[in-house]
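1. fold the following and give me the result.
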Amino acid sequence: MKIGYFAPSYKRPEKSITQKNYPFVKLVVCESQSKEYLYNGNDIVICPDSAQGNISRIRNWIKDNLMNNYDSIIMIDDDNNGIGIWQKQKYKVLNSEELQEFCENIAIMCNDFGYKSFGLNCVIDKGAYREHSPFSTNKFIGAPFHGIIKGNECNYDELIPLKEDYDWTLQNLKKYKGVLRVNFASYNVKQAEQKGGCANMRNVKEEERQFNLLQKKWGSKIIQYDKMSKKKFDFNPIMKSPLKGI
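-> Okay, the predicted model is just below:
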């Protein structure tokens, strides 16, 4: 299976952490910022300026314009410190060759299941890895690392670009009756901690507004506040799958 690897990037022209770890990943940047990215040694794909400024919009552009040459594409955050797996009770960070082999195997498995999207556990801690169920079919797939199988007809909702991964997961559950999540593998990123990217628009007020839009779209039984969180408002809602599964 031929896979393309892309990392949307916006106003982060310094050498990408993701490309340092995984040189085969290409950054997708808008034309007006391309020279600065190239100056810092990044391998890039140039998109129109009109496609940037909204992470859902650029994800749709990548899906619509770069999928044709591949059987599957994977979108990775540009600040990824490594993809790791739990193996023999130890956490192992995959190198470039290992990650590409891992992704091809998971993409093939996802396609065999009849699903059109796959991803990883969003928590590194071993306590989040259910050893007797290394895969899930109805759980949340986070945007920092997720794959799309060719032919996926879902699109990212441009009205909720800070919650697009929750919506993406639910769209795929509704249309394809499942998603494939690898529970023993996870990504390591610094969400909302750096300049550029989605950090430009992240604040409590905007997060809450988009949470309300997401909840209105899918209902309060599916999208819920995390009442156990110690934060006044937790950026990450609880998603209750409408489908039975693992």
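
2. give me the longest strand you can find in this structure.
-> Using DSSP state E to define each element, the chain has its longest strand at strand 180-187.

3. so what touches it?
-> Contact with strand 180-187 is made by 76-77, 80, 82-87, 102, 106, 109-110, 113, 115, 117-124, 128-130, 133-137, 139-142, 144-145, as judged by CB atoms under 8 Å, 6 or more residues apart in numbering. (Glycine included, C-beta is placed from N, CA and C.)

4. buried residues, whatever helix or strand comes next after it. List them.
-> Scanning forward in sequence from strand 180-187 by DSSP states H and E, the next helix or strand is helix 204-218. The neighbour-count check on helix 204-218 (16 or more other CB atoms under 10 Å) flags 207, 210, 211, 213, 214, 215, 217, 218 as buried.

5. okay, and which of the contacts of strand 180-187 map to helices?
-> Counted as lying in helices by DSSP state H, out of the contacts of strand 180-187, are 102, 106, 109, 110, 113.

6. contacting residues for the spatially most central residue of the chain?
-> Most central in the chain under CA atoms, centre = their mean is residue 143, positioned 1.8 Å from the mean C-alpha point. Going by CB under 8 Å, 6+ apart, residue 143 touches 55, 59, 75, 77, 164, 165, 168.

7. dump those to JSON lines, plus distance to residue 27 and neighbour count.
-> Below are the contacts of residue 143 laid out as JSON lines (distance: CB to CB, whole Å; neighbours: other CB atoms under 10 Å):
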{"residue": "55", "distance to residue 27": "14", "neighbour count": "21"}
{"residue": "59", "distance to residue 27": "14", "neighbour count": "25"}
{"residue": "75", "distance to residue 27": "11", "neighbour count": "26"}
{"residue": "77", "distance to residue 27": "11", "neighbour count": "23"}
{"residue": "164", "distance to residue 27": "19", "neighbour count": "25"}
{"residue": "165", "distance to residue 27": "19", "neighbour count": "23"}
{"residue": "168", "distance to residue 27": "21", "neighbour count": "26"}
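
8. from the residues you listed, which two are the most distant?
-> Using CB to CB, the contacts of residue 143 span at most 14.6 Å, a distance reached by 77 and 168.

9. residues near the nearest residue to residue 69 once chain neighbours are set aside, how many?
-> Using CB to CB, 6 or more residues apart in numbering and skipping residues adjacent in sequence, the residue nearest residue 69 is residue 4, 6.7 Å away. Other residues near residue 4 come to 20 when the count uses other CB atoms under 10 Å.

10. my read is that residue 4 contacts residue 75, right?
-> No - applying CB atoms under 8 Å as the test, residue 4 and residue 75 come out as separate, 9.6 Å apart.

11. ok, residue 4 to residue 20 distance?
-> Distance from residue 4 to residue 20, counting by CB to CB, to the nearest Å: 19 Å.

12. residues touching residue 73, list them.
-> Per CB under 8 Å, 6+ apart, neighbours of residue 73: 3, 4, 5, 6, 62, 63, 66, 67, 147, 148.
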